[in-house]
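[1] Okay, here's the prediction I keep looking at, along with the sequence it came from:
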Amino acid sequence: MNEMPVSPEAPKKNNTALIIGVVVVVLLCCCCVVVAGGWFYGDAIMQAIGG
């Protein structure tokens, strides 16, 4: 019999660290946007809510 040798499958690469890193970066960017918005528009926001 002339069978092709079966090569072992390459181990699946773990992308958990990459996914966590992307989520952390996105959350940090959202926090920066909120802080910057509060810095620039804080007075207007406080007047709008009656503070």
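    Okay, I see it. Residues are numbered from 1 along each chain as shown.

[2] Now do the spatially most central residue of the chain against Asn14, distance only.
    The C-alpha lying nearest the average C-alpha coordinate of the chain belongs to Val23 (Cα atoms, centre = their mean; 2.0 Å). Applying Cβ to Cβ, to the nearest Å, the value for Val23 to Asn14 is 16 Å. For glycine as for every other residue, the C-beta is placed from the backbone atoms N, C-alpha and C.

[3] for Leu28, same thing?
    23 Å.

[4] What segments of the chain are helices?
    Secondary structure of the chain (DSSP state H): helices located at 16-48.

[5] got any ranges where the chain has weak pLDDT?
    1-2, 4 (pLDDT under 70).

[6] repeat that with 90
    1-14, 38, 41-43, 45-46, 49-51 (pLDDT under 90).

[7] on that earlier part again, who are the neighbours in contact with the residue nearest to the centre of the chain?
    Shown in contact with Val23 (Cβ atoms under 8 Å, 6 or more residues apart in numbering): no residues.

[8] ok, it to Cys29 distance?
    11 Å.

[9] Leu18 too?
    Taken as Cβ to Cβ, the span from Leu18 to Cys29 is 17 Å.

[10] wouldn't Ile45 be in contact with Gly38 here?
    Yes - assessed by Cβ atoms under 8 Å, Ile45 is found in contact with Gly38 at 7.2 Å.

[11] what touches both of the two?
    In contact with both Ile45 and Gly38: no residue, using Cβ under 8 Å, 6+ apart.
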